[in-house]
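Asker: kindly return the folded structure for what I paste below:
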Amino acid sequence: MTPRPAAPAPHPVSVVGIGADGWAGLTGAARAELTDAEVLIGGARQLDLLPAACAGRRVPWPSPLRPALPGLLAAHAGRRVAVLASGDPLFYGIGRALTEVLGAAALRVLPHPSSVSYACARLGWPLEDTETVTLVGRPPARLAAALHDGRRILVLSADATTPATVAALLRDRGFGPSRIRVLEQLGGEDESRTEGTADSWAHPPGDPLNIVAVDCRRAPDALRLGAVPGLPDEAYAHDGQLTKRHVRAATLAVLAPAPGELLWDIGGGSGSIAVEWMRTHPSCRAITVERDPERARRITENAERLGVPALRVVTGPAPAALAGLPAPDAVFIGGGLTAPGLLDACWEALPPGGRLVANTVTLESEAVLAARHRLHGGELVRLAVAHAVPVGGFTGWRQAMPVTQWSVRTPSAPVPLPGDDR
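Answerer: Numbers count the residues shown, from 1 in each chain. Coordinates of the predicted model:
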């Protein structure tokens, strides 16, 4: 939940982007803001870039930063405050946190070219065709979701060890032939570049101020993972509890994930529905509920390998395990439909217009879905998939178990009760 902005300060807080070129790379307006400031807040490296003419009190960021930010700003309320940021403050920078605490109206942002802009300029990569993934304060596994043959990725490094971490992940995910270029101190006097491939990367850690450029190249024998739902079944570790590829693609199409939305995946099995929901957009979120601890562990491993380590796994039986979870935008039920109270709990948790999709292969659960279809409407369909298999010297069809699927939306507005004249 986004914090409610505090009352605007009497003087707008100046947020000044600064690069490795330091004071020399700033505009006249940016220099004036820093010279006039009574309080200068930033990282130790950034504060050291300022000349003595910036006479304001220098305050290094506390650690951890986020919890301390409101108190730090309140302590200097009423004074002219300038905050130093790396490059563009609103591109994976401190600008976002300041906006959440103070509100946009209380800030004056003076951006500097970001490291991504510098990197694209050095490499000749069109910025709009280049994907950016930050590993600053994020798990490296999230890079895996962006790996596609031929794509260009810029990785924002957490420190000097990030390039080696990126190379190891590329090798592990079947992208060892990818070309890596580490660009250090971009825009500064000590700017440098180190190159190699993920397979052969053996460079020692260099400057902590770096960005990693990756030309993605998939190894010939690596499993190909597409950008839409319906990944190969072999992409998942599982014990047979897996929504198979074709049914999974049809299920995600009905769930219709959109940026920022939250899914409850109940009866997670291998986690495939939640994983592919999150892979549709970096801001999509999911919580999977699985009662079996071994399967829950396997879900976590699948999420890590497929680039969505933020998938939250709750171990326990539904509906009890749903208590206290944040309200979902959509719910998928892949198991446990006959558990008393489960469908009611999911229906009540959804907002107006929320989506619920349930799959089953058993007659008992099918009867439950048919009854709910009569009560709430929606769409009840049968999904049947057959695979061609050898039959002697010929070929025939082997039918997989048909899947009954119920999909429905909650009412967009309260439905008046009979006799209600309001």
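Asker: tell me who's in contact with the closest residue to residue 141 other than its chain neighbours.
Answerer: Among residues not flanking residue 141 along the chain, residue 309 sits closest, at 4.3 Å (Cβ to Cβ, 6 or more residues apart in numbering). In short, each C-beta sits where N, CA and C put it, glycine included. Contacts for residue 309 (Cβ atoms under 8 Å, 6 or more residues apart in numbering) come out as 139, 141, 142, 303.
Asker: ok, the last one - contacts?
Answerer: When you say that, I think you mean residue 303. Contacts of residue 303 (Cβ under 8 Å, 6+ apart): 271, 274, 275, 278, 309, 310, 311, 313.
Asker: just say helix, strand or coil for it.
Answerer: Following DSSP: H, G, I helix; E, B strand; the rest coil, residue 303 is assigned to helix.
Asker: in the stretch 151-300 of the chain, where is pLDDT below threshold?
Answerer: Within the stretch 151-300 of the chain, no range satisfies pLDDT under 70.
Asker: the strands in it, which residues?
Answerer: 152-156, 179-184, 192-197, 210-215, 262-266, 285-290 (DSSP state E, counting those that start in this stretch).
Asker: redo those as CSV? Include mean neighbour count and distance to residue 368.
Answerer: Formatted as CSV, those follow (neighbours: other Cβ atoms under 10 Å; distance: least, Cβ to Cβ, whole Å):
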stretch, mean neighbour count, distance to residue 368
strand 152-156, 22, 45
strand 179-184, 21, 52
strand 192-197, 15, 54
strand 210-215, 22, 48
strand 262-266, 26, 14
strand 285-290, 26, 18
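Asker: could you dump these to TSV with distance to residue 298?
Answerer: Listed next are the strands of the stretch 151-300 of the chain as TSV, based on distance: least, Cβ to Cβ, whole Å:
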stretch	distance to residue 298
strand 152-156	28
strand 179-184	31
strand 192-197	32
strand 210-215	28
strand 262-266	14
strand 285-290	9
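Asker: residue 357: which of the ones you listed is closest?
Answerer: Ranking the strands of the stretch 151-300 of the chain by proximity to residue 357 (Cβ to Cβ) places strand 262-266 first, at 9.8 Å.
Asker: elements contacting that closest one?
Answerer: helix 272-279, strand 285-290, strand 330-333, helix 342-349 (3 or more Cβ pairs under 8 Å, 6 or more residues apart in numbering; DSSP states H and E).
Asker: again, only using 7 Å
Answerer: helix 272-279, strand 285-290, strand 330-333 (3 or more Cβ pairs under 7 Å, 6 or more residues apart in numbering; DSSP states H and E).
Asker: okay if I get the ones you listed as JSON lines plus distance to residue 167?
Answerer: Below are the helices and strands packed on strand 262-266 laid out as JSON lines (distance: least, Cβ to Cβ, whole Å):
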{"stretch": "helix 272-279", "distance to residue 167": "23"}
{"stretch": "strand 285-290", "distance to residue 167": "29"}
{"stretch": "strand 330-333", "distance to residue 167": "36"}
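Asker: nearest to residue 55, of these?
Answerer: Closest to residue 55 of the helices and strands packed on strand 262-266 is strand 285-290 (Cβ to Cβ; 45.7 Å).
Asker: what are the contacting residues of the closest one?
Answerer: Residues outside strand 285-290 that contact it (Cβ atoms under 7 Å, 6 or more residues apart in numbering) are 262-268, 271, 274, 277-278, 296, 299, 311-316, 318, 321-322, 325.
Asker: separate out the buried members of those.
Answerer: Among the contacts of strand 285-290, the ones that count as buried by 16 or more other Cβ atoms under 10 Å are 262-268, 271, 274, 277-278, 296, 299, 311-315, 318, 321-322.
Asker: and the residue nearest the centre of the chain?
Answerer: Nearest residue to the geometric centre of the chain (Cα atoms, centre = their mean): residue 282, 3.5 Å.
Asker: need the nearest residue in space to it, chain neighbours excluded.
Answerer: residue 145 (7.5 Å).
Asker: next, count neighbours for the one you found.
Answerer: Residues near residue 145, counting by other Cβ atoms under 10 Å, number 20.
Asker: need the contact partners of stretch 14-26.
Answerer: 30, 33-34, 37, 46, 49-51, 82-85, 87-89, 95, 98, 107-113, 185-188, 209.
Asker: inside strands: which ones of these?
Answerer: 82, 83, 84, 85, 107, 108, 109, 110 (DSSP state E).
Asker: ok, now which ones touch the closest residue to the first one other than its chain neighbours?
Answerer: Counting by Cβ to Cβ, 6+ apart, the nearest residue to residue 82 once its immediate chain neighbours are dropped is residue 37, at 3.6 Å. Counting by Cβ under 7 Å, 6+ apart, residue 37 makes contact with 14, 56, 80, 81, 82.
Asker: for residue 116, same thing?
Answerer: For residue 116, counting by Cβ under 7 Å, 6+ apart, the contacting residues are 91, 132, 154.
Asker: so residue 134 versus residue 116, what's the distance?
Answerer: Residue 134 is 10 Å from residue 116, where distance means Cβ to Cβ, to the nearest Å.
Asker: returning to what we had before: looking at the contacts of residue 37, which two lie furthest apart in space?
Answerer: 14 and 56 (10.8 Å).
Asker: residue 408 reaches residue 374, doesn't it?
Answerer: No. Using Cβ atoms under 7 Å, residue 408 is not in contact with residue 374, being 11.5 Å away.
Asker: compare neighbour counts for those two and give me the winner.
Answerer: A count of neighbours by other Cβ under 10 Å puts residue 408 above the other of residue 408 and residue 374, at 21 against 9.
Asker: assign the more buried one to helix, strand or coil.
Answerer: strand.
Asker: distance of the residue nearest to residue 282 relative to residue 399?
Answerer: Computed with Cβ to Cβ, the distance linking residue 145 and residue 399 is 34 Å.
Asker: swap in residue 68?
Answerer: From residue 68 to residue 399 the distance is 61 Å (Cβ to Cβ).
Asker: what of residue 219?
Answerer: Separation of residue 219 from residue 399 (Cβ to Cβ) stands at 35 Å.
Asker: do the same with residue 65
Answerer: Relative to residue 399, and taking Cβ to Cβ, residue 65 is found at 57 Å.
Asker: this completes my enquiry, with thanks.
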